[in-house]
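> Using only what follows, build the 3D model:
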Amino acid sequence: MTRCDATVAWAALQGHYEAHGRGFDLREAFVRDPQRFAAFSLQAPEVFADLSKNRWDLATRKLLLELARETGLEAHRDAMFAGAPINVTEGRAVLHTALRAPRGAALHGDEVHEVLERMLAFAERMRDIESSGITDIVNIGIGGSDLGPQMVVPALDAYCQPGQRCHFVSNVDGHDIAPVLRRLEARRTLFIVASKTFTTQETMANAAVARAWFLARGGSEHDIARHFVGATTNLQAAAEFGIHTTFGFWDWVGGRYSLWSAIGLPIAIAIGADHFRALLDGAFAMDRHFAEAPLEHNLPAQLGLLDVWYRNFHRFTSRSVAPYHQGLKRLPAYLQQLEMESNGKRVDVDGQPLPYDTSPVVWGEPGTNGQHAYFQMLHQGSEVVPVEFIAVKRPTHEHADLHAKALANCLAQGQALMLGKTSDAALGERAPTASAALDRAVLAQHRSFPGNRPSTTLLLEQLTPRALGALIALYEHRVFTSGAVWGINSFDQWGVELGKALCNNLLPRLVDGPGKGDASGLDSSTAGLLQRLTR
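The predicted structure follows:
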């Protein structure tokens, strides 16, 4: 791989930005080219993308594609699919794509499908409420063992069977698990403990609370085996806990890419085996698109390259994700981990400090809720924030008028961000809530919008399991693309470890025992806070 700042295309992009990118105006671009929408739209499996409201032109895109080729994006992509250990700091392959491939279409097919078939058979047994007696499923995990299932289950609510509820517990703060347990009956609850090593601190703490709760409400030690299952590879630790039903996965599956594995068990119970297979099928279709489509027509690659253009040349620091579908309410949180844990790196694969920025901050909120909150800043704030709209053409409910309103708002927000409003236009309008004492010219300044603010719109026909699978895989490969161009390892997460290690040192100082309140060896701030918490 060649790092991006060592390429000819990088230098050309710098010159192009100064000459054409810095002053690029979307409104002028649409006037110059009435076919701009067609030129900057792409169709991928299940996802149509309108990239025309972004601050780029054909020359920009051409240079970005040259950058991708010079940095070896295609070879790096092929190495990932081939099972090369591209996670260099841990010496691991990156093969979450193998989890959704049909048998025989990817590496490790036999073992993947053996676990998949066992998991789906178990899920179907749990879905038979009359036989299983299970009405509530509680997933206990954190990070990738929580965010994926917690995002997918409500997204596919239309495919969930009535009579069963899924709950998700991740935070080690007892305020997370306590209200969940209050709503449950022990005899009708299945707990899924999701931890590859069965040692994750937060997960095991919550699992211990759930176990104690279960026993205190009439469950026996013998019943633990029927009401607790594990998504883990540590069979011994699970057995010591009392769990005998486990579903494993492999070290080539990163946590934030694991919903396709046994970590997806709550999804499989919620939507059933056939729909879970459709979820996998959608992701596999996007995998083939990313692996085979030329870069000129490759949607994940172009989105990742656009992210590089915005982060390193326009210096945009964040991106807002606005799904206009309530089912996708947890998508922004899921994408925060996917992108910022993957690409929040400051050194390249050789450990050399980077002279350029990597991951933007990713944040957002569903549809019209965001309009009544942070969209004020998007439209009139001092910082430009690219926005990603996600729209779904056909709803899975019967309230057509409400859906039309949501879609109209989605289209209007993208249009408003681009067009803005001049002070002259504002001056000619009547503002009923404005102060009569305020000078009209001053008021017009307050009511003007700069416009020229970029956005992308991703459009799904309907939020089906297959479409959601394709959408998630699209984001995975987009993150891969930008990480590959930046020359970083997108598949480790050492930044998660330091806080955990320090927590292990502090915990004995906070709980009852001989070390409680001991501030020795701590900085004055941590020591002061510790003493206030323990006295």
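
> Which residue ranges of this protein form strands?
Assigned strands in the chain, in chain order: 41-44, 47-50, 136-140, 165-169, 189-194, 228-231, 246-247, 318-323, 361-364, 387-394, 455-462 (criterion: DSSP state E).

> Need those in TSV (columns: mean neighbour count, mean pLDDT and distance to Ala470).
For every residue, glycine as well, the C-beta is placed using N, CA and C. Formatted as TSV, the strands of the chain follow (neighbours: other C-beta atoms under 10 Å; pLDDT from 0 to 100; distance: least, C-beta to C-beta, whole Å):
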stretch	mean neighbour count	mean pLDDT	distance to Ala470
strand 41-44	18	98	7
strand 47-50	19	98	6
strand 136-140	24	98	24
strand 165-169	21	98	22
strand 189-194	27	98	24
strand 228-231	26	98	24
strand 246-247	22	97	24
strand 318-323	24	98	15
strand 361-364	20	98	19
strand 387-394	20	98	12
strand 455-462	19	98	8
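
> Can you lay out those as TSV showing distance to Tyr374?
Compiled in TSV, the strands of the chain are given as follows (distance: least, C-beta to C-beta, whole Å):
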stretch	distance to Tyr374
strand 41-44	27
strand 47-50	22
strand 136-140	29
strand 165-169	25
strand 189-194	32
strand 228-231	35
strand 246-247	39
strand 318-323	7
strand 361-364	8
strand 387-394	10
strand 455-462	14
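
> To Leu64, which of those strands lies closest?
strand 41-44 (13.8 Å; C-beta to C-beta).

> right, and Asn206 touches Ile177 too?
Yes: between Asn206 and Ile177 there is a contact under C-beta atoms under 8 Å: 5.3 Å.

> Quickly list what's touching both of those two.
Residues touching both Asn206 and Ile177 (C-beta atoms under 8 Å, 6 or more residues apart in numbering) are 140, 169.

> neighbour-wise, which of these two wins?
Applying other C-beta atoms under 10 Å to Asn206 and Ile177 shows that Asn206 carries more neighbours, namely 26 against 22.

> Name the nearest residue to the more buried one, ignoring sequence neighbours.
Nearest residue to Asn206 in three dimensions, chain neighbours excluded: Ile140, at 4.9 Å (C-beta to C-beta, 6 or more residues apart in numbering).

> ok, now which ones touch the spatially closest residue to Asp78 that is not a sequence neighbour?
Take Asp78 and drop its neighbours on the chain: the residue closest to it by C-beta to C-beta, 6+ apart is Ala291, 7.5 Å away. Ala291 sits next to 77-78, 81 when contact means C-beta under 8 Å, 6+ apart.

> Kindly state the pLDDT recorded for Ala291?
With respect to pLDDT, Ala291 scores 98.

> Likewise for the one 10 residues further on?
At Ala301 the predicted local distance difference test score is 98.

> For stretch 2-13, list every residue counted as buried.
The neighbour-count check on stretch 2-13 (16 or more other C-beta atoms under 10 Å) flags 3-5, 7, 9-10, 13 as buried.

> In helices, which of the residues you listed fall?
9-10, 13 (DSSP state H).

> right, and the strands of the chain - which one's nearest Ala404?
Between the strands of the chain, strand 387-394 lies closest to Ala404; by C-beta to C-beta that is 11.0 Å.

> Spit out the contact partners of the residue nearest the centre of the chain.
Nearest residue to the geometric centre of the chain (C-alpha atoms, centre = their mean): Leu335, 1.9 Å. Residues in contact with Leu335 (C-beta under 8 Å, 6+ apart) are 321, 362, 364, 475.

> and what of Ala207?
So Ala207 contacts 140, 191, 193, 228, 241 (C-beta under 8 Å, 6+ apart).

> pLDDT value on it, please?
What the model reports for Ala207 is a pLDDT of 98.

> The one 3 residues further on now?
In the prediction, the pLDDT value recorded for Ala210 is 98.

> Can you give me the neighbour number for it?
Ala210: 23 neighbours (other C-beta under 10 Å).

> Setting aside sequence neighbours, what's the nearest residue to it?
Closest to Ala210 by C-beta to C-beta, 6+ apart is Phe191, at 5.2 Å.

> and the gap between that neighbour and Ser131?
Per C-beta to C-beta, to the nearest Å, Phe191 is found 19 Å from Ser131.

> same check, this time on Arg182
Taking C-beta to C-beta, one finds Arg182 at 27 Å from Ser131.

> Likewise for Ala333?
Counting by C-beta to C-beta - Ala333 and Ser131 are separated by 35 Å.

> quick one: which of those two has more around it?
Ala333 (17 against 9).

> ok, that one - contacts?
Counting by C-beta under 8 Å, 6+ apart, Ala333 touches 147, 151.

> same question, the one 3 residues further on
With contacts defined as C-beta under 8 Å, 6+ apart, the neighbours of Gln336 are 362-363.

> what's the distance between it and Thr317?
Remark: distance between Gln336 and Thr317 (C-beta to C-beta) = 14 Å.

> And Val479, what's its pLDDT?
pLDDT at Val479 comes out at 98.

> follow-up on the earlier one: looking at the contacts of Leu335, spot the one nearest Ser423.
Among the contacts of Leu335, and counting by C-beta to C-beta, the member closest to Ser423 is Gly364, at 29.5 Å.

> What separation is there between that closest one and Arg100?
For Gly364, the distance to Arg100 - C-beta to C-beta - is 25 Å.

> what does Ala231 give?
Taken as C-beta to C-beta, the span from Ala231 to Arg100 is 17 Å.

> and what of Asn234?
The value you get for Asn234 to Arg100, if C-beta to C-beta is used, is 25 Å.

> where do the helices sit along the stretch 1-150 of the chain?
Applying DSSP state H, counting those that start in this stretch to the stretch 1-150 of the chain gives helices spanning 8-16, 26-32, 36-39, 58-71, 73-82, 109-127, 129-132, 144-155.

> Out of these, flag the one nearest His446.
Across the helices of the stretch 1-150 of the chain, closest to His446 is helix 26-32 (C-beta to C-beta), at 21.6 Å.

> ok, and what's touching the closest one?
36, 52-55, 57, 418-419, 451-452, 454.
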